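Q: after the sequence you'll find the predicted model.
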Amino acid sequence: MKEKYIGQRVTRPDALAKVTGQAQFAADIAVHRDDLLHAKALYPPYGHARILSIDTSEAEHMPGVVCVMTAKDLPAGCTNKYGADEPDKPIFAENKIVYEGDAVAAVAAETLAQAEAAAAKIRVTYESLPAYEDPRELRETYPSPIHENHPISGQSPVSLSATVRNGDPGPAFEQADVVLDHWYRTPMADHAYLEPDVCIVEPDPVQGGFTIWSPQHAVQNAKQDMAKLFGLPQSKVRVIGTLAGGGFGGKEDSTYDVSTVAAALAMKTGKPVSFEFTRDEVFRNTGKRHAEQIHHRLAADKEGNILAIDVDAVIDKGAYRSVDILPYRGSYYAGGPYKIPVSHAKAESVFTNHPYGCAFRGLGVPQATFAMEGQMDYLAAELGMDPLQLRLKNIARAGDRLHMGQVMLEERGLGLEECLLKAADAIGWKDRAKTGYYDNRGTVKRGKGIACFLYGIGTGSSPDGAHCLVQAQRDGSFNVQVSQSELGQGLLAAMSQIAADALGVTLDKIQVDYADTAASLLAGPTTSSRSTMYVGNALLSACKILTDRFLGYAEGVLRVGKSNLAIEDNMVMVKGKPETAVPLAEIVEGAYTAQIPLAAIGSWYPPRVFFNEDMTNDQMHTYTFGACAVEIAVDTETGIIAVERCLLAADVGKAINPDTVEGQMQGGLTQGIGWSVMEEIFMENGRMKNHSYHDYLIPTAMDVPDMETIIVEHPSDLGPCGAKGIGEPPLVATAPAIRSAFWDATGIFIDEIPLTPVRVMKALKRKDCAE
Amino acid sequence: MAIVSFILNGKPVSCDVPAEETLVDTIRRRFKLTGTKKGCGTGDCGACTVLLDGDAVRSCTLLTGMVHGRSVTTIEGVGTMDRLHPVQQAFVDVNAIQCGYCIPGMVLTAIALLNRNPDPDEAEIREAISGNLCRCTGYQKIVEAISLAAKRMREAGEEAAR
Ligand code: FES
Ligand code: FES
């Protein structure tokens, strides 16, 4: 295959429509339709309460109202339980509220204003209950005061628990020269995608079932989960993923929070219904990054070799299970990218009255990495070693084992050392140790920090594969049908680049049909940074089947064996003799006449993984690696941290489109800076106190510096052209790098983020007192 | 209800709106110009930015009645898919677009900036767009696009002057 487009800065197919405002998001589609009913739901003013009564009579008689619904009005066959992993969340609460995003009732009316007016007239009486917010306390509380009978966990306060047991850490801790024992805390965070959650649900009067239009991470999963919820055959639900105005993992679940309500109303009324959250509802109702408290113990010898870790991570699950592989990931990533011979790593997610924890760029890995990299800096301080050298000494190279027993394989692309060296070089690491490099006598103190990570591509749970469909048209153009979503990450560009090169055609011949369950095959979600690798490989396999067929047919036309034929620039040609060529369109037309099928299914599965009983495993086949380096200025009078430089060297295997790879890196780093120094959700009695962009601050253009990106390419033998994945990794090591720079600047370690002015001032004061 | 007359993308329009209606809803729901996005409705994100007599304003915090007699430009009024405004062209050329939800507001804010200041430095660009949130790009390619547009527009201006 000739790489004509792969590796190039190809313009995104969606760029023109987006920059002119012509691209329609789901809310825009709703504006252009005039046959829709509009929905509004009622949410409780409590985080934990019992519902005593609901009176909808006044609302039902309001102008324009077509339908008012509560749990008792749900269509027959509806289980009233949904969720991205396991169904446990009701569309409408039946008798108890477990967080403030539990809908109690909803209205469908002719206009949105009418729906809002009617929803305000629904009378609900509640008995307020104490809100439970501390997972460390709650995990010892049996039965759970939150779920009286959870469909999966029963009365247990724990949603899921996972432990890696690799040897016995006891003796290692006894023999160690250094034992580090620290608690790390990371906050909940909102995805803050700019497009509020929204959907249109339209019943199908012809064949039954319904169609959903909404921004989605996983149309095929949504199809299955919605069918299960409403007791319909899966074949009767069609899901169309509209262009998403950002997702970052969140819309995997939150899309259900709107589409379940709209579907219930649509089924009841037989009419198409649109439902859009306000920004306030997005903040209060949708999933968040899981807050974690991680007790991390590490044993090392005086040369700086890590001997063992012993970790206990407590995860704030929030009210519902949602995506709850967090304990697996918390235990799996507890040791970072280092060779560690002995490990005991436990992680548990515990129900609270908070918004449910869901997928958010990195899914548990940023939390685990914050703790492990924090330990590395403590260790460097303890031993008086350079933090970079300490990391270089401990990273797992080919043949070394990670803490959960996985052996690192060279053929999967191991670029971490190169990332660390390049990041250190770019940030000017060697100056860091020079006395007098910074004049830190004043009130503004500067420092540099570095942190590194690995990030497994794919969900890591078998079977995790992808299928796709490629159809040749008789004019030599192609439809590439994938179920993945365009979330802004550049799916359309990457898929067209891969398909065009694999088929030997120009980009204009490729149409990507994306995120429509009626025009694609099962391919898993657009999450876990897996699309390029999984769907890219499936696409290569489908294209190979088709080009083999067409070249086979061309043998008879050109009278040359197919091994001597190639397709390039829409022409089938004899290799080395481009003058002997026929247009691909003619060959496809000929093949069609000869009754050769013009469509092919391509599939790809990674090697299957199995867990051992002690949870040691090699769940992840391929890792993206990276090193983040920052330079910060700490104003010791205000506590404000300015991130003055931020760079990431990432081993992505192969950059299919360097522009979109850099875009992912720059965006991920920025979210990382937000999570590290600004973003924090304040809860009080189970209610969110900061539920607008005014109070929940995300980085603006003035809060971040130019992001420096260094692409490193150690190809994985499993990836398409060696590519791994880059969606989530960029955020993973920002927080520990900033923490490390704060230590360099002030001599203080802070084990809790975000490093907001309040937290920074507190830490500085503590140090003053100590001195 | 009150009749409001204004210029929308160069054409005189009027509509009968309730006093509390905001411009973003008028533009989107009545005139079906859905290039203007609504990200918050509280004046905090900038996705709903339009030009009011050439200045970038948030259409979600502006009552429609307040634009009576004035001129409003939305993203639909600055360029089309085959005739992009130089700012739009630069966004495309540097691949500054990801999900695209913030982009119409960014483009309009950038146009207002360049009208005021044809040669902004990076800090001035960052300050000008600091009221426009973008959760995808990290702003960097957007800043690059605006500087590139400024440079091209200055060069085109010099060319024309010659
Ligand atoms: S929608 Fe107007 S500022 Fe966010
Ligand atoms: S491109 Fe997605 S918010 Fe800016």
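A: Thanks, I have the structure now. Ligands and ions are numbered 1, 2, ... in the order given.
Q: domain ranges for chain B?
A: Per the record, chain B has its domains at B:2-77, B:86-161, by automatic domain parsing.
Q: give the contact list for the residue nearest to the spatial centre of chain B.
A: Closest to where the C-alpha atoms of chain B average out (Cα atoms, centre = their mean) is residue B:108, at 2.2 Å. By Cβ atoms under 8 Å, 6 or more residues apart in numbering or on different chains, residue B:108 lies in contact with B:49-51, B:56, B:73-75, B:78. In short, each C-beta sits where N, CA and C put it, glycine included.
Q: which one's the longest helix in chain A?
A: Across chain A, the helix with the greatest residue count (assigned by DSSP state H) is helix A:536-558.
Q: where in chain B is pLDDT low?
A: Nowhere does chain B drop to pLDDT under 70.
Q: longest helix in it, please.
A: As assigned by DSSP H, the longest helix anywhere in chain B is helix B:140-161.
Q: does that one come close to chain A?
A: Yes: contact of helix B:140-161 with chain A (Cβ under 8 Å from any Cβ of the partner chain) involves B:140-143.
Q: let's have those residues in a markdown table, adding neighbour count.
A: Shown next, in a markdown table, are those (neighbours: other Cβ atoms under 10 Å in any protein chain shown):
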| residue | neighbour count |
| --- | --- |
| B:140 | 24 |
| B:141 | 24 |
| B:142 | 29 |
| B:143 | 23 |
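Q: closest to residue A:348 out of those residues?
A: Residue A:348 lies nearest to residue B:140 out of the residues of helix B:140-161 next to chain A, by Cβ to Cβ, at 38.7 Å.
Q: residue contacts, residue A:537?
A: A:466, A:602, A:604, A:718-720.
Q: that one and residue A:603, how far apart?
A: Noted for residue A:537: a distance of 9 Å to residue A:603, by Cβ to Cβ, to the nearest Å.
Q: what do you get for residue A:260?
A: 31 Å.
Q: need the pLDDT of residue A:771.
A: Here the pLDDT value assigned to residue A:771 is 62.
Q: returning to what we had before: any residues in contact with both of residue A:537 and residue A:603?
A: Common contact partners of residue A:537 and residue A:603 (Cβ under 8 Å, 6+ apart): residue A:466.
Q: redo the domains of chain B as TSV? Include distance to ligand 2.
A: Shown next, in TSV, are the domains of chain B (distance: least, Cβ to the nearest ligand atom, whole Å):
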stretch	distance to ligand 2
domain B:2-77	8
domain B:86-161	3
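Q: and those: which comes nearest residue A:96?
A: Closest of these to residue A:96 is domain B:2-77, at 30.7 Å (criterion: Cβ to Cβ).
Q: what's the end-to-end length of that closest one?
A: End-to-end distance of domain B:2-77 (Cα to Cα, to the nearest Å): 25 Å.
Q: cool, stretch A:97-117 as well?
A: For stretch A:97-117, the end-to-end distance is 23 Å (Cα to Cα).
Q: same question for stretch A:747-757.
A: By Cα to Cα, the extent of stretch A:747-757 from end to end equals 17 Å.
Q: give the buried residues for that stretch.
A: Counting neighbours by 16 or more other Cβ atoms under 10 Å in any protein chain shown, one finds that the buried residues in stretch A:747-757 are A:750-756.
Q: before we move on, what about stretch B:111-126?
A: Applying 16+ other Cβ under 10 Å to stretch B:111-126 flags B:111-114, B:120, B:125-126 as buried.
Q: between the two ends of it, how far is it?
A: First residue to last in stretch B:111-126 (Cα to Cα) measures 14 Å.
Q: do stretch A:399-418 as well
A: End-to-end for stretch A:399-418, by Cα to Cα: 17 Å.
Q: after the longest helix of chain A, next one along is what?
A: Helices and strands here follow DSSP states H and E; after helix A:536-558, the next one along the chain is strand A:565-568.
Q: which element follows that following strand toward the C-terminus?
A: Counting by DSSP H and E, the next helix or strand C-terminal to strand A:565-568 is strand A:571-574.
Q: mind listing what's buried along that next one?
A: If you call a residue buried by 16+ other Cβ under 10 Å, then strand A:571-574 has these buried ones: A:571-574.
Q: mind putting these in JSON lines, distance to chain B and pLDDT included?
A: Shown next, in JSON lines, are those (distance: Cβ to the nearest Cβ, whole Å; pLDDT from 0 to 100):
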{"residue": "A:571", "distance to chain B": "29", "pLDDT": "97"}
{"residue": "A:572", "distance to chain B": "32", "pLDDT": "97"}
{"residue": "A:573", "distance to chain B": "32", "pLDDT": "96"}
{"residue": "A:574", "distance to chain B": "37", "pLDDT": "96"}
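Q: out of these, who's nearest ligand 1?
A: Relative to ligand 1, the closest of these is residue A:571; by Cβ to the nearest ligand atom it sits at 49.9 Å.
Q: which residues touch the residue nearest to the closest one when sequence neighbours are not counted?
A: Nearest residue to residue A:571, sequence neighbours excluded (Cβ to Cβ, 6 or more residues apart in numbering or on different chains): residue A:581, at 4.3 Å. Residues near residue A:581 by Cβ under 8 Å, 6+ apart: A:571-574.
Q: so residue A:581: helix, strand or coil?
A: With DSSP: H, G, I helix; E, B strand; the rest coil as the basis, residue A:581 sits in strand.
Q: any figure for the gap between it and residue A:575?
A: Taking Cβ to Cβ as the measure, residue A:581 falls 11 Å from residue A:575.
Q: with residue B:74 instead?
A: Distance, residue B:74 to residue A:575, by Cβ to Cβ: 53 Å.
Q: no more questions from me, cheers.
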